[in-house]
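Novice: I need the structure of the sequence given here:
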Amino acid sequence: MIYLELLWGFIKVGMFSFGGAYAAIPLIREVVLSYGWLDDNALSYMIAISESTPGPLMINVATYVGSVVAGLPGAIISTIAVIIPPFLVILIITVLLKNLLENKYVKGALEGLKPCISAIILETGFMMIIKSCFDMSSSFSANIKDIAVILLLFIIFYGTRFALKKKLSPISFIIISAFLGLLIF
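Specialist: Numbers count the residues shown, from 1 in each chain. Coordinates of the predicted model:
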């Protein structure tokens with residue numbers, strides 16, 4: 001039964017994750033929490049770890065959740081389930097690409113998805129910041145260390161853009177955040 005739940009849960013994630021991994025985080029969270037595979041805190045840690053490890057975030061999270069819930073077979077099932085839908089969509093799009101992208105309705109649908117994906121990514125980022133910085137359980141409290149790290153990272157990220165006139169690479173940013181985590185925590 002657990003294998004079928006993992007298969008169906010991650011097929012849904014793979015099937016409806018438009019806009020990349022960050023846009024998929026709310027769907028991953030919904031599926032994982034609805035089945036009770038992990039709690040929200042453990043899932044947030046896994047998303048952070050998946051972001052800083054090699055490989056696509058969705059696949060890393062699916063593999064981890066499957067492994068925690070049902071061992072190696074669960075990891076394999078979850079990984080395959082999250083990969084199959086986008087693979088099939090890309091395969092179909094590749095075959096039909098020339099004609100499909102010329103269709104005004106397809107163009108319109110894709111243009112309509114852009115703001116939706118942006119809003120989903122923005123909401124996910126805000127929710128991760130809020131959950132990291134504030135304990136909203138029985139009594140409201142702020143996690144000063146998390147707030148300090150986020151503010152420092154914000155200053156570093158935008159400070160380098162202003163001072164150096166170029167963007168900080170994601171790899172450099174991940175290394176800096178890990179270093180700050182070691183110093184502060």
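Novice: low-confidence ranges in this structure?
Specialist: 98, 138 (pLDDT under 70).
Novice: domain parsing for it?
Specialist: Domain ranges of the chain: 2-140, 143-185, per automatic domain parsing.
Novice: now do the contacts for Ile77.
Specialist: Tyr3, Leu6, Leu7, Phe10, Gly66, Ala70 (CB atoms under 8 Å, 6 or more residues apart in numbering). C-betas here are computed from N, CA, C, even on glycine.
Novice: so what's the fourth one up against?
Specialist: Which is Phe10. Val31, Ala62, Gly66, Ile77, Ser78, Thr79, Ala81, Val82.
Novice: then the helix or strand encompassing Lys12 to CSV, C-alphas only?
Specialist: Assigned by DSSP states H and E, Lys12 falls within helix 2-15. Extracted in CSV, the C-alpha atoms of helix 2-15 (Å, rounded to 0.1, in the frame of the first residue of the first chain):
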residue,chain,number,x,y,z
ILE,A,2,2.8,2.5,0.9
TYR,A,3,4.4,1.8,-2.5
LEU,A,4,1.2,2.7,-4.3
GLU,A,5,0.9,5.9,-2.2
LEU,A,6,4.5,6.9,-3.0
LEU,A,7,3.9,6.1,-6.7
TRP,A,8,0.7,8.1,-6.9
GLY,A,9,1.8,11.0,-4.7
PHE,A,10,5.0,11.6,-6.7
ILE,A,11,3.3,11.1,-10.0
LYS,A,12,1.1,14.0,-9.0
VAL,A,13,4.1,16.1,-8.1
GLY,A,14,5.8,15.3,-11.4
MET,A,15,2.6,15.8,-13.4
